[in-house]
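Asker: Please find the sequence and the predicted model below.
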Amino acid sequence: MPRTKGYPEALEKKLADTRLYEDERHPEFTKTVEKLSMSIPHMCYQCGTCTASCPSAPRSSYRIRKFVRRALLGLEDEALTDPDLWLCTTCYSCTDRCPRDIAPTDVIMAMRNLAFKRDIIPVNFLKTVQAIYTTGHGVPNNDVNRAARKKLGMNPEPPTTHAFPQYVKGIQKIIDYYELKKNADRIVKEREG
Amino acid sequence: MAEKKTKKETASKKKETPKAAVSAKTEKAPAVKAPATEQKKARVGVFICHCGTNIAGSVDIPDVQEYAKSLPNVAFADNYQYMCSTPGQSKIIAAIKENDLTGIVVAACSPRLHEPTFRTATKEGGLNPFRFEMANIREQGSWVHMHDREGATDKAKDAIRIAVAKASLLQDLVPKTVPVEHAAMVVGAGIAGMQAALDLANAGIKTYLIEKNPTIGGRMSQLDKTFPTLDCSQCILTPKMVDVGRAENIDLMTCAEVENVEGYIGNFDVTIRRKARGVLTPAEAEAKGIVGGGCNGCGDCEAVCPVIKPNPFEMGMKPRKAIYIYHPQVVPLIYTIDWDSCIKCGLCVEVCGEKKAIDLEMKDELVKVKVGTAILATGYDLFPIEKKEEWGYKKYENVVTSLEFERLICASGPTGGHLVRPSDGVTPKKVAFLLCAGSRDNTGVGKPYCSRFCCMYSLKHAHQIIEKIPGVQPYIFYMDIRSFGKMYEEFYYRIQDEGAKFMRGRVANVLEDPDTKNLLINAEDTLLNRPIKLEVDMVVLAAAVEPAAETDRTRKLFGVSRSMDGWLLEAHPKLNPCGTTTAGVFLAGVCQGPKDIPDTVASAEGAASAASIPIHKGEVELEPYFAQCIEEKCAGCGMCVNLCPYQALSLVEKEGRTVMQVTEAKCKGCGTCGGFCPGGAIWMQHFATPQIIAQIDAFLIGGAK
């Protein structure tokens, strides 16, 4: 077929059956998300205030409204496997403005936690885990920062684990309790070898 | 059983004593006849309703019926699918005759709806209607224990046992009738109040129409056009305003507020505060002996008045003087002084001259009137939409509310009907209408309800700018367009056809370009799943509505409740939307909940009709739940007199003794005095102590077997 020449995969995608089937819905997913987020995504009326408030939406394919809809319908696989799940900056603008008093940000956080349980997580998030484990900081201090702090007459190291590295142990204990580091190391190894 | 008999005997003794004394001594004959025949053994009939499956679905009816038969004093028990139906009522009538019953218990729904039905059936069977008692096994039984059949069945048995205990002790009572004053009152003279007052007046009833503003007309007089017909609002309203002003049966009081309400249906004594308006009407002038004087609305005073203030009728967008009228079509056409801004320079008095209409020393006056029924039509205010900070109202000049828009687009408004931007007076070419601004909001800041008429007026606004401004583009940001009325959906079709762009998304925030004062709208086109950033010249917020500021004070005076959303509470949301839980007080228009003009007028006509019924009947029956004084026990201490919330009790001299006397028409049967009386000298009819104790006993110790 000449029309498909060169684009078999793309065409297959275009011709796929995208109808919503009842067996995709998992009502217990909605309940789990509501419990973890302590919020009420089942009350969403799809006004779009969240997406319109979102600083990520104009710059990416991330649509918070769509995720809340998926939470409402219980579309577990569709929500957790969508890489857009990780594009929320957790600025909470949507939560501030939602007229139904839902906390869409917390809904996203709940779904991220559920995704992580299935090893679905971008590597950069795991590297953050590793950074916190070793330094106590997601974004550790660097030379540019140190110079700037010095210029402002401050200690180049902030009064955190950077200035008191002996407390890193405590942080590690907490992370180990949740086996976060162990899982992060395992997944990074699987992905990057 | 023995204990119960004792009580019954005590009851009858108590009962007979006051009766004898009252009928012998007082000139006003008691409405209650002596219970002569009651002492025959109680024979109670119990009827259990299935209410389709409403009750039978979760209550074991045959089991409950068997149980009822086993109760003391029960002579007959039956069940039926719908006891309220004609065959159901016939069962009661037949059973009374066949089984010589003395009391009836129907176990069904709440007495709220069907107590009158079954009382009538009891009466038709030959018993006094007050020998009926209802056991609520639906609202308080099957509905709340829908998934607990055993529990619901047990609870139904308890309810019936308690009701039978009371029915065994019920006595004959005769309702008292009181005459109804042939006059009515309407509070608020917007379109609802005006329509209600006109209907009452046309039905031959003297009507006092009370309005706190200097003119009648209300919100409707601020509107430019009305949807979906696009009639000019003022053009259809002013004839009615004139009718109200002229109607002989309407006593119109503007600048007036209800100060106090006493009494009950048929006989409300209302005190009205007529606020000093500083200007005499021709009638008032004549009463003062100023022949041919009083205000004729010439406006000379306004011309000389040196004080300039914003006119609230124009949403503050047009100036007025300290002596003013809202607009040229006001009714009555009488000027009013704004005491907060008047400097009493006396220029107006001088220019008014021989008419002597202006009195700068005028004081408020209290007027008392007596009415049979009253209608509240207190209307609405806009929700202070600046509380939703994200839309920038009161922060950005070119963000206006829908009412401000109405004035700006109205030919008689501050701009002569030319829509302009407040910041620079330029005609806008792109206008965004933000729907659900503060409505359907569960954040605690806005209102959770739908304000009901914003969709339609925003469509109308879009039409108005398309009509007046060539090349204009209206954008309507909406979540749902609620165009449910007659010809409303067709209107929606028409406006879309005229070129309004409907954007399905709620606006997240509005920002201002500080140089151009243009507005940047952030929303999502939820149908395209894409965020929108739109620059417009003007934003119109379809702000939510809320009860008018003074509503709460007024409703408390009339004893009217409000529902969770703040609007006044109707007696029944479907079957009695104009009534309230206070007999003789009715609701018209938006004070009961958001309504557009057609619904408001319909509601007002309904309220007027309901309010005229007791007046035309000429008398009302009061439920005979009055307190009665057992004079031989009364020590005349008078403590009950001060406790009574309705001023129904007084002390009188009888046979050389001081005893308490009840004014039955004032008594609401609340039981405060009966519960308090240290000597047990007060008998609460239908809720007598022995009856209540029998109910408690029946519940706690299974009744006397």
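Answerer: Cool, got the structure. Numbers count the residues shown, from 1 in each chain, chains lettered A, B, ... in the order given.
Asker: Show me where the stretch 201-350 of chain B dips below the pLDDT cut-off.
Answerer: Within the stretch 201-350 of chain B, not a single segment meets pLDDT under 70.
Asker: same check, this time on chain A
Answerer: Ranges of chain A meeting pLDDT under 70: A:1-6.
Asker: how does it look with 90?
Answerer: Along chain A, segments meeting pLDDT under 90 span A:1-17, A:193.
Asker: ok, now the stretch 501-650 of chain B?
Answerer: B:559, B:572, B:581-582, B:621-623, B:645-648.
Asker: How about the residues of it by chain A?
Answerer: B:504-509, B:522-526, B:529, B:531-533 (C-beta under 8 Å from any C-beta of the partner chain). Where C-beta positions appear, they are placed from N, C-alpha and C, glycine not excepted.
Asker: Could you do chain B as well?
Answerer: B:390, B:436, B:440-444, B:446, B:479, B:504-509, B:522-526, B:529, B:531-533.
Asker: Quick check: residues of chain A near chain B?
Answerer: Neighbours of chain B within chain A, by C-beta under 8 Å from any C-beta: A:43, A:45-54, A:57-58, A:63, A:65-66, A:93, A:97-101.
Asker: try 7 Å this time
Answerer: Taking C-beta under 7 Å from any C-beta of the partner chain as the measure of proximity, chain A contacts chain B at A:45-49, A:51-53, A:57-58, A:63, A:65-66, A:97, A:99-101.
Asker: Can you give me the end-to-end span of stretch B:587-594?
Answerer: 13 Å (C-alpha to C-alpha, to the nearest Å).
Asker: Pull out the buried residues from the residues of chain B next to chain A.
Answerer: B:390, B:436, B:440-442, B:446, B:479, B:504-509, B:522-526, B:531-532 (16 or more other C-beta atoms under 10 Å in any protein chain shown).
Asker: Let's see which of those residues end up in strands.
Answerer: B:Cys436, B:Arg504, B:Asn509, B:Asn522, B:Ala523, B:Glu524, B:Asp525, B:Pro531, B:Ile532 (DSSP state E).
Asker: Closest one of those residues to B:Asn202?
Answerer: B:Cys436 (39.1 Å; C-beta to C-beta).
Asker: wait, that closest one sits on B:Met479?
Answerer: Yes: the pair B:Cys436 and B:Met479 passes the contact test of C-beta atoms under 7 Å, sitting 5.6 Å apart.
Asker: re earlier: which two of the residues of the stretch 501-650 of chain B next to chain A have the greatest separation?
Answerer: Farthest apart among those by C-beta to C-beta are B:Asn509 and B:Asn529. That separation is 19.3 Å.
Asker: what's near enough to touch the residue nearest the centre of chain B?
Answerer: What sits nearest the mean C-alpha location of chain B, by C-alpha atoms, centre = their mean, is B:Leu587, with 3.9 Å. Taking C-beta atoms under 7 Å, 6 or more residues apart in numbering or on different chains, we find B:Leu587 in contact with B:Leu376, B:Leu568, B:Glu570, B:Cys578, B:Thr580, B:Ala607.
Asker: And it, its phi and psi?
Answerer: B:Leu587 has phi and psi values of phi -120, psi 140 when expressed as degrees, to the nearest 10.
Asker: Mind jotting down where the strands sit in the stretch 601-705 of chain B?
Answerer: For the stretch 601-705 of chain B, the strands defined by DSSP state E, counting those that start in this stretch cover B:619-622, B:627-629, B:649-654, B:657-662, B:682-684.
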